[in-house]
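>>> With the input below, show me the fold.
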Amino acid sequence: MSFEVLFADSSGPIAQAELSEGKHQVGSDPNGSIAIRHREVAPRALALECSGGVVFVENCNSYSVYIGREPLAPGQITEWRDGTTIQLTRSVSASLRHVVKPDSIIDDGSDLLGSRKQMAIQAGVIACCLLLCTWMLTTDSKSRATEEQTAVTFDELVSLYEQAGGTELVKLKHEHRILLTYLTEARGQELRWQGRNQKQSRQAYELILASNLSSNLGSNDQLMDLTQQYAASRIAALE
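Numbering: from 1, shown residues only. Okay, here's the model as predicted:
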């Protein structure tokens with residue numbers, strides 16, 4: 001099993017690296033195993049270790065970074081799951097994805113078992129997104145009035161993702177899964193704070209606008225466009 005890390009900023013992809021078994025140093029240091037040429041990236045930003053089909057990440061920065069929706073403190077180590085994005089700096093993100101090579105023919109069934117295990121993990125993540133969406137749809141009545149000025153509502157957006165993804169969202173593109181994660185996290189932040197911390201709610205929506213996923217999805221992707229329109233309208237409403 002091999003993995004690929006995609007690095008991007010607001011202008012688009014800036015680096016790409018395939019992870020082999022072993023340890024890898026990520027940062028702006030040109031002597032590192034994965035060098036990222038970006039002024040915001042520290043010389044030694046992340047330490048990665050790929051072992052047995054699992055990737056572990058250590059935050060080497062002096063500040064916390066976000067892996068998915070969870071903060072990763074300086075010096076903290078955690079598993080980096082397939083499909084999860086690390087917000088490395090304000091504008092630089094790193095996305096991990098499992099790469100299936102065309103010439104990697106299954107010989108003994110062990111790769112098939114690993115693939116099934118990976119699919120089960122992904123299904124669990126998607127199920128969590130669905131549960132979070134369901135919870136917010138049922139507890140969102142108090143803030144529905146604030147959405148009246150937006151072109152599309154959160155309910156309508158979730159329905160569009162469900163239509164595109166099918167049963168348990170298994171047909172969703174990798175980039176759409178990341179967008180849905182950002183969207184549910186931002187809406188959850190807004191509902192959680194109920195106007196008491198509008199700055200933090202705005203920042204959650206700003207991650208959607210700052211994401212570089214449009215470079216992979218294309219300029220005419222409806223889900224991307226509508227999600228960014230919704231995020232922009234919520235930022236304006238929270239000013």
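>>> alpha carbons only for contacts and neighbour counts from here, please
OK.
>>> Now name the helix or strand holding Ser91.
Using DSSP states H and E, Ser91 sits in no helix or strand.
>>> Pretty sure it sits against Ala210.
Yes: assessed by CA atoms under 8 Å, Ser91 is found in contact with Ala210 at 6.7 Å.
>>> Which neighbours do the two have in common?
9-10 (CA atoms under 8 Å, 6 or more residues apart in numbering).
>>> quick one: contacts of the helix or strand harbouring Glu49?
Taking DSSP H and E as the criterion, Glu49 maps to strand 46-51. Strand 46-51 is contacted by residues 19-27, 55-61 when judged by CA under 8 Å, 6+ apart.
>>> Which members of those residues are positioned in strands?
Among the contacts of strand 46-51, the members falling in strands are 19, 22-27, 55-59 (criterion: DSSP state E).
>>> got TSV for those residues, with distance to Arg177 too?
Listed next are the ones in strands among the contacts of strand 46-51 as TSV, based on distance: CA to CA, whole Å:
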residue	distance to Arg177
Leu19	22
Gly22	28
Lys23	28
His24	26
Gln25	27
Val26	25
Gly27	26
Val55	20
Phe56	21
Val57	21
Glu58	24
Asn59	24
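>>> can I get those in TSV with pLDDT?
TSV is the format used below for these (pLDDT from 0 to 100):
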residue	pLDDT
Leu19	90
Gly22	89
Lys23	92
His24	93
Gln25	94
Val26	95
Gly27	94
Val55	90
Phe56	91
Val57	93
Glu58	94
Asn59	94
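>>> Mind checking which of the contacts of strand 46-51 are buried?
The neighbour-count test (16 or more other CA atoms under 10 Å) marks 19, 24-27, 55, 57-61 as buried among these.
>>> Can you name the secondary structure element that comes next after whatever helix or strand Ile178 lives in?
In this assignment (DSSP H and E), Ile178 forms part of helix 174-193. Counting by DSSP H and E, the next helix or strand C-terminal to helix 174-193 is helix 198-210.
>>> Can you name the next helix or strand after the least confident helix or strand in the chain by mean pLDDT?
Ranked by mean pLDDT, DSSP states H and E, the weakest helix or strand in the chain is helix 110-138, scoring a mean of 56. Next along the chain after helix 110-138, taking DSSP H and E as the criterion, comes helix 154-165.
>>> Appreciated, that's everything.
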